[in-house]
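> Everything below, folded, please.
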Amino acid sequence: MNPAEPSVDVVVVGCGGAGMTAALAAAHHGLDTLVVEKTGYFGGSTARSGGGVWIPGNYALRKAGVEDSLDEATTYLESIVGDEVPAERRRTLLARGPEALEFVRDHSKADFVWVPHYSDYYPEAPGGRAGGRSVEPRAIDGRVIGDELARLHPPYMAAPVGMVVSQANYRWLSLAMRTVRGPLTALLVTLRRLFNLALRRPMYGMGPAMCIGLRAGLQRAGVPIWYDTELTELVLEQDRVTGVRLLRDGQPSVVHARRGVIVASGGFEKNAEMRQKWQPSPATDEWTTGAASNTGGGIIAGVAAGADVALMDDAWWGPTIPLTGGPYFCLAERNLPGSIIVNSAGKRYANEASPYVDAIHAMYDGEATGVSHVPSWMILDQRYRNRYVFAGLGPRQPFPGRWYKHGTLFKSDTIEGLAEQIGVSASGLRGTVTRFNEMAVTGVDSDFHRGESAYDRYYADPKVKPNPSLAVIDKAPFYAVKIVPGDLGTKGGVVTDERARALRPDGSVIPGFYAVGNASSAVMGHTYAGAGATIGPAIVFGYLAALDIAGSTAATDAGG
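Predicted coordinates:
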């Protein structure tokens, strides 16, 4: 080792939710820790997210009186994930999750509350909960980190200054004037914003709130962050990872890690070449809402160090609208009544309100049938537009002209005219709309069972009877909105064990090498347990990686 090259106990690669949790836990256990971050910002994709955390049995759920059990959660993950992921990883996530979240609460400025009744994504599965297990960060004052606030990763969608919308708020805001809670929630959000502006208080919610809280913890722990520093290679000595090769401000450097390297550098959603190699077709890096810096550098370095990879063909998918300002992840819009999604033949092919990963799996399944589902088209009528928020636009608010010019949106006074504009069968689309309208009247979607799951109904309209997710499409003009297979990030990455240790293809451990977050293969396998099933495991395994390096794998006093 060159004595001129710096040496620390632990190097953490990446400054998102997983990396910051790992660094915080390592520092708490007395390890000299350095965080290296490719960009000039902290937060990564976590800062661009809704900030949900799926960790069953955590303190925020208990505080809210939500009854859960380890046995039920274990049954649930077993039923939806199955053998795709080793049972020990799943069990560890659930057994150690509450401890990890308490550690974050006690050693950072991040705190969490239950998102009321945000259903698990498969609530009818064994062990699933219709009342939900997801929690989200409390709003936080950005001044808690001082000038470092300028380094918070830019948001996915910028909110007006001082406005904080929680996940719990979003459900009611999407319904606008359809419920009493809609306008009351809007009034509350507006009043809070005015109060924050009056006090010149920069408040943040969702993913940014979590990242600010974690960053405050790193400041208090004295953990340095090297920004604009990119991992190029893991240093190997006798088959052990002992450091990292970096480009810091464009200059090559080496940092030695006496105890271990934790790679938390995100997925490869912004790497077009990797997406073409691994992912279903058509694939592009233009439909993701993940951070622009997520080009798979940590995964590539891991493979070069001998690591195995898995789930490279999958992602945290979601139906996405390719808008002029960038992709829009379509969430509540799909559950609301008075809309359908059709393929190139003008036919429905899945439950539009299904969990977003499933919706894209169904979209890609169409490519094997010879009837393309990419792009798909969301069909809606003026009644829908009069009632609901759509992609940030209020009810009755005209769609921007640039959406039409971009080819994302089409409009016609007839279903047949709409079909002609988007290039699908007019008779096919007419037949689909006619059949859907008949089912909407009865409230039973006998084709795809939309509205039967508690998840389908979470974002639906409770005023619509008998099925809050079904309403007829018959009020002209009619609209078609392009839907493509977007994502929040990729799922594939380095294969790890229950201690977040990187594994070779033969199952052996690569000493000194840990991978967490989207740099590792997802503990959720090909599915998605509930809101926050990306960030929850990122926190847990980031925490456990640090504990393993510290030599402490037994349960600890999180407040110690």
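
> Okay, now the sheet partners of the helix or strand hosting residue 235, with direction.
Using DSSP states H and E, residue 235 sits in strand 229-237. Strand pairing for strand 229-237, using DSSP bridges, gives strand 240-248 (antiparallel).

> quick one: the partner strand to chain centroid distance?
Mean-position distance between strand 240-248 and its chain equals 28 Å (CA atoms, centre = their mean, to the nearest Å).

> Please save the CA atoms from it in CSV.
This file holds the C-alpha atoms of strand 240-248, laid out as CSV (Å, rounded to 0.1, in the frame of the first residue of the first chain):
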residue,chain,number,x,y,z
ARG,A,240,-10.3,-9.5,-0.8
VAL,A,241,-11.7,-6.0,-1.6
THR,A,242,-9.3,-3.6,0.2
GLY,A,243,-10.2,-0.2,-1.4
VAL,A,244,-11.5,1.8,-4.3
ARG,A,245,-10.0,3.5,-7.3
LEU,A,246,-11.7,6.8,-8.0
LEU,A,247,-11.9,9.8,-10.3
ARG,A,248,-12.0,12.8,-8.0
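
> Quick one: residues in contact with that strand.
5, 7, 11, 13, 36, 226, 228-236, 252-258, 260-261, 305, 502, 510-513 (CB atoms under 8 Å, 6 or more residues apart in numbering). For every residue, glycine as well, the C-beta is placed using N, CA and C.

> orientation of the next helix or strand after it relative to strand 240-248 in degrees?
Per DSSP H and E, the first helix or strand lying C-terminal to strand 240-248 is strand 251-263. Strand 251-263 and strand 240-248 are oriented at 130 degrees to each other (axes from the mean of the first three to the mean of the last three CA atoms, to 10 degrees).

> So which elements touch strand 251-263?
Packing partners of strand 251-263 (3 or more CB pairs under 8 Å, 6 or more residues apart in numbering; DSSP states H and E): strand 7-13, helix 17-28, strand 229-237, strand 240-248, helix 297-304, strand 509-515, helix 535-550.

> Roughly how far does the closest residue to residue 114 other than its chain neighbours sit from residue 185?
Closest residue in space to residue 114, ignoring its immediate chain neighbours: residue 64 at 3.9 Å, by CB to CB, 6 or more residues apart in numbering. Using CB to CB, to the nearest Å, residue 64 is found at 19 Å from residue 185.

> from the contacts of strand 240-248, which would you call buried?
7, 11, 13, 36, 226, 229-231, 233-236, 253-258, 260-261, 305, 502, 510, 512-513 (16 or more other CB atoms under 10 Å).

> give me every residue that touches residue 51.
136-137, 167, 205-210, 532, 535.

> mind saving the C-alpha coords of the strand holding residue 235 as CSV?
Taking C-alpha atoms only, strand 229-237 is exported to CSV below (Å, rounded to 0.1, in the frame of the first residue of the first chain):
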residue,chain,number,x,y,z
THR,A,229,-15.9,11.5,-7.0
GLU,A,230,-16.7,8.5,-9.2
LEU,A,231,-15.8,4.8,-8.5
THR,A,232,-13.9,3.3,-11.3
GLU,A,233,-12.7,0.0,-9.8
LEU,A,234,-12.6,-2.0,-6.6
VAL,A,235,-9.1,-2.8,-5.3
LEU,A,236,-8.5,-6.5,-4.9
GLU,A,237,-5.7,-8.0,-2.8
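
> Show me the contact partners of it.
By CB under 8 Å, 6+ apart, the residues outside strand 229-237 that reach it are 13, 36-38, 241-249, 252, 254, 256, 261, 263, 265, 297-298, 301-302, 304-306, 513.

> Walk me through the domains of this structure.
The chain breaks down into these domains under automatic domain parsing: 14-160+205-252+285-314+491-552, 162-201, 318-487.

> In space, what's closest to residue 181 - neighbours in sequence excluded?
residue 172 (4.5 Å).

> before we move on, what SS does that neighbour have?
Using DSSP: H, G, I helix; E, B strand; the rest coil, the structure places residue 172 in helix.

> Tell me the pLDDT of it.
Reading off the confidence values, residue 172 has pLDDT 88.

> ditto for the one 5 residues further on
Looking at residue 177, its pLDDT reads 83.

> In contact with it, which residues?
Here residue 177 is in contact with 183, 387, 395 (CB under 8 Å, 6+ apart).

> what separates the second one from residue 477, distance-wise?
The one in question is residue 387. 15 Å.

> In terms of packing, which of the two has more residues around it?
Each of residue 387 and residue 477 has its neighbours counted (other CB atoms under 10 Å); residue 387 has more, 21 against 13.

> So that one versus residue 549, what's the distance?
On the measure of CB to CB, residue 387 and residue 549 end up 53 Å apart.

> what secondary structure does the residue nearest to the spatial centre of the chain sit in?
With distances taken as CA atoms, centre = their mean, residue 488 lies nearest the centre of the chain, 5.0 Å away. Taking three-state DSSP as the rule, one finds residue 488 in the strand state.

> Return the backbone torsion pair for the nearest residue to it once chain neighbours are set aside.
Leaving aside its chain neighbours, residue 488 sits nearest to residue 316 (4.1 Å; criterion: CB to CB, 6+ apart). Residue 316 adopts backbone torsions of phi -80, psi 70, taken as degrees, to the nearest 10.

> Equivalent analysis for the one 10 residues further on, please.
Here the main-chain torsion angles of residue 326 (degrees, to the nearest 10) amount to phi 130, psi 170.

> Near it, how many other residues are there?
Residue 326 has 14 nearby residues by other CB under 10 Å.

> go on, the one 10 residues further on?
A count of neighbours around residue 336, defined by other CB under 10 Å, yields 25.

> Next: residue 399.
16.

> Hmm, it is touching residue 405, no?
No: using CB atoms under 8 Å, residue 399 is not in contact with residue 405, being 11.2 Å away.

> And the pLDDT for the closest residue to residue 406 other than its chain neighbours?
Nearest non-adjacent residue to residue 406, counting by CB to CB, 6+ apart: residue 324, 5.0 Å away. Looking at residue 324, its pLDDT reads 93.

> can you check residue 1 too?
Looking at residue 1, its pLDDT stands at 59.
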